[in-house]
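J.: Take a look and give me a structure for this.
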Amino acid sequence: MENNTVDIHEDSGLYLQEYISSLENLPSEIRYHWAEIKNRNDQAKAPEKRIKSAQHELSKLHRQWFDGDPQKRERLKKHEPVLIQRIETDYAKLQDLANERIHLAQEALTLVEKHLQRLDSDLQKHDAAHPESVPHILETRSYTIPHGVSTATTATNTDSELEDDNTVEIKLEQPDYQTMIANRNQKRKKKEERDKDEPLYCFCQQVSYGEMVACDGENCPFEWFHMDCVGLDEPPKGAWYCEDCLNELRNKRRHQPIHKKMKRKRDSQI
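T.: This is a model prediction of the structure:
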C-alpha cells in the first residue's frame with residue numbers, strides 16, 4: 001500500500017496542510033462513537049427499570065415472609081427464585097451494554113491518540129534532525145507593537161527616545177508542544193491513580209455516586225448502597241437492611257430457641 005503522507009523534513013507547510021486534512025473525518029467519527037454510546041445508554045433504561053421493579057417486589061416479599069403463615073411462606077418461597085433469576089438476567093444485559101460502551105469509548109480514544117502519536121513522532125524526528133532550531137522547554141517569539149498600545153513601562157521614555165524608536169519589542173512565551181503532551185499524560189495518570197484508590201460499595205461494586213442508603217446490618221460487607229440498585233425511590237424511614245442482611249436475620253430468627261420467642265412475645269404484651 002502506497003504511503004501518501006508528507007515527510008515533515010521535506011516541506012513543513014505542506015506537512016501541516018496534509019496533517020490538517022487527515023483530521024477532517026475525525027469529528028464525524030467521534031460523533032458516531034458518541035451516538036453509539038448514547039444508544040447503549042438508552043437500551044440500558046429498560047433492564048434498569050425491570051431490575052428496580054423486581055428488587056421492590058423482592059423486598060416486599062421478604063417483609064411478607066415475617067408476617068405470613070406457613071402456607072403463604074411456601075408460596076413466597078417459590079416466587080423468590082423467579083425474581084432473583086429475572087434480576088440476574090437483566091444485570092447480565094446491563095453488563096454487556098456497559099462493556100460495549102467501554103469498547104466504543106476506547107475506539108474513540110484510539111482514533112484521537114493515533115493522530116497525536118503521529119504528530120509527536122514526526123516532531124521528535126524533526127527535533128533530532130534540527131536540534132539547534134528547537135527550544136527545550138519554552139519557545140520565545142518576538143513581536144513589535146506601536147507605542148500607542150505599549151505597556152506602562154514605556155511611558156518613562158523621553159520625547160527624543162520616542163522620536164528615535166517608534167516601536168517597542170516584547171517577548172511572549174509559548175508552551176512547548178512536547179511539554180503540553182507530557183503534562184496531559186501526567187494529569188491522566190494522576191486521575192487513574194485516584195480512581196483506583198476510591199472505595200467500592202453496593203452489590204454492583206462501584207464507587208459512591210448519587211443518593212446512597214446505609215444498611216443497618218452489623219456485619220454488612222457493603223455498608224452503603226446506591227438507591228437505584230436496591231429499588232428505592234426515596235430514603236427509607238427507620239432501619240433498613242440489604243437483601244443479604246435480611247436473609248441473615250431471617251436465619252437467626254428461624255434458629256432462635258422457642259423459649260426466647262415466647263418470652264419476647266410475653267414482654268410485648270405487657
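
J.: residues contacting the nearest residue to residue 230 once chain neighbours are set aside?
T.: The shortest distance from residue 230 to any residue other than its chain neighbours is 5.8 Å, reached at residue 55 (C-beta to C-beta, 6 or more residues apart in numbering). Quick note: C-beta positions are derived from backbone N, CA and C, even for glycine. Counting by C-beta atoms under 8 Å, 6 or more residues apart in numbering, residue 55 makes contact with 87, 229-231.

J.: Secondary structure class of residue 239, three-state.
T.: coil (DSSP: H, G, I helix; E, B strand; the rest coil).

J.: If you tally nearby residues, what's the number for it?
T.: The local packing of residue 239 (other C-beta atoms under 10 Å) involves 9 other residues.

J.: what sits against it?
T.: Applying C-beta under 8 Å, 6+ apart to residue 239 gives the contacts residue 216.

J.: pLDDT averaged over stretch 206-218 - what is it?
T.: In this model, stretch 206-218 has an average pLDDT of 86.

J.: For it, buried residues please.
T.: Within stretch 206-218, the residues that count as buried by 16 or more other C-beta atoms under 10 Å are 212-215, 217.

J.: if we look at it, which residues are touching it?
T.: If you take C-beta under 8 Å, 6+ apart as the criterion, stretch 206-218 is touched by 195, 198-202, 222-228, 230, 232, 235-236, 239-242, 244-245, 248-249.

J.: Please give the number of neighbouring residues around the closest residue to residue 30 other than its chain neighbours.
T.: Distance criterion C-beta to C-beta, 6+ apart; nearest residue to residue 30, sequence neighbours excluded, is residue 108 at 5.5 Å. Residues lying near residue 108 (other C-beta under 10 Å) number 19.

J.: Thank you kindly, that will do.
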